[in-house]
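J.: predicted model and sequence below, questions to follow.
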Amino acid sequence: MHQSLKLVSFFMGSSALVATAACDSKKSEPAKKEQAATQAAEKPVKKKAEITPAMLGLYQPPLATDLVSKEKPVSEAKVNLGRQLYFDKRLSKNHDISCNTCHDLQRYGVDNLAVSPGHRGQPGARNSPSVYNAAGHFVQFWDGRSPHVEHQATQPILNPVEMAHTEESVTAVLKSIPGYQPLFAAAFPDKKDPVTLTNAGDAMGAFESKLITPARWDKFLSGDQNSLSPKEKRGFIAFNEAGCNACHTGTLLGGGTYQKLGAMKPWPNQKDQGRYEVTKKDSDKMIFKVPSLRNITETAPYFHDGSVGSLVEAIQMMGEYQLGKTISEKDAKDIAAWMGTLKGEVPEDYIREPSLPPSGPNTPAADPS
């Protein structure tokens, strides 16, 4: 009996479905369109993400070619001397390393190595950051131990692991090269004894102060809405929504503050304690200068130890360790695409390697010891 009722119920239900289907098929085309429109209207509409003027205000003004020179005017004579010193390998004890060796101007101011080899091939302790736009940073080196590029330029020369000179030995080399005497005199006309390491650093800093790379991002900041693609715009919005702009802000998108690396989760590599190595204050453990994101797509590997080669991976690690957030691979790729708009053009004429004055009869020979 129960089985019979189930069968009757099944067939009745089937008949009802057939009848409904038949009814639907007889509906007029206008009725179908009206029903579809009603259903579409009931669906939530995803609001299009927009880049607001308030977001852009954090990154103004756009990068200009004279970002630093307005604040620190430099003479052409000083810039020309600085360019020659930047490329001169005699500023290293073994005459085999120049500033350009580790900060290759044709490769966006880096050598794309985790750490750079120095005197006798000794490995450095930290990744070599780019010199492009570095003159606009509030301090120099990952730990901020130099106040400006003029001082920073002298430090690798004196580092026994890098160029391995002493102040006395490098000054003797410079004074032994006849062609440098008039160049120093022209760059420092008010100095009785112009050939000094300090003046060499000032000249190299003058040269570096004009290593500026305006990019498509700066066109966008100036009002050119078509300079960024939709994907790049999505990346910028994702960058802001994740909170990356808390540290990477301003014209240089970094280079203006210190931050603790591993703010939300301990950083995997604790061997290098950052600014603590300079101050010996516990509060400075794992504190590093926030790097600029300018030309970031060209300056891998990333972080102070050069431990990460992928920009997408670096972005996701920042989300995890700095922000306590998971940045999806899609968002990370969009952010990386936006970071591509921060890539400027290297100033080919300005960075062309110059002819260097030849050594004199008293110029010390290369010393590999």
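T.: All right, it came through fine. Residues are numbered from 1 along each chain as shown.
J.: measure the residue most central in space within the chain to residue 236 for me?
T.: Per Cα atoms, centre = their mean, the C-alpha nearest to the average position across the chain is that of residue 293, at 2.8 Å. Distance from residue 293 to residue 236, counting by Cβ to Cβ, to the nearest Å: 11 Å. Every C-beta, even on glycine, is put in place using the N, C-alpha and C of the backbone.
J.: chain center to the helix or strand containing residue 217, what's the gap?
T.: Assigned by DSSP states H and E, residue 217 belongs to helix 216-221. The chain centre lies 16 Å from the centre of helix 216-221; the measure is Cα atoms, centre = their mean, to the nearest Å.
J.: ok, now stretch 362-369?
T.: Taking the mean of its C-alpha atoms, stretch 362-369 sits 37 Å from the chain's own mean (Cα atoms, centre = their mean).
J.: flag every buried residue along that stretch.
T.: Residues of stretch 362-369 classed as buried by neighbour count (16 or more other Cβ atoms under 10 Å): residue 363.
J.: wait, isn't residue 357 in contact with residue 81?
T.: No: applying Cβ atoms under 8 Å as the test, residue 357 and residue 81 come out as separate, 10.5 Å apart.
J.: who has more neighbours out of the two?
T.: Under the criterion of other Cβ atoms under 10 Å, the comparison of residue 357 against residue 81 puts residue 81 first, with 27 against 16.
J.: still on that earlier bit, identify the residues contacting the residue nearest to the centre of the chain.
T.: Residue 293 is in contact with 248, 252, 253, 254, 339, 342, counting by Cβ atoms under 8 Å, 6 or more residues apart in numbering.
J.: where exactly do the helices run in the stretch 1-150 of the chain?
T.: Using DSSP state H, counting those that start in this stretch, the helices of the stretch 1-150 of the chain run over 2-25, 29-42, 53-57, 76-87, 99-102, 149-152.
J.: which stretch in those has the least confidence?
T.: Out of those, the stretch the model trusts least by mean pLDDT is helix 2-25, with a mean of 40.
J.: which SS class is residue 266?
T.: The three-state assignment at residue 266 reads coil, by DSSP: H, G, I helix; E, B strand; the rest coil.
J.: distance of it relative to residue 283?
T.: For residue 266, the distance to residue 283 equals 16 Å [Cβ to Cβ].
J.: domains for this structure, by residue range?
T.: The chain breaks down by automatic domain parsing into domains covering 53-63+216-342, 76-208.
J.: which of the ones you listed has the highest mean neighbour count?
T.: Most buried of those, by mean neighbour count (mean count of other Cβ atoms under 10 Å): domain 76-208, with a mean of 20.
J.: ok but residue 304 is inside a strand, no?
T.: No: applying three-state DSSP, one finds residue 304 to be coil, outside a strand.
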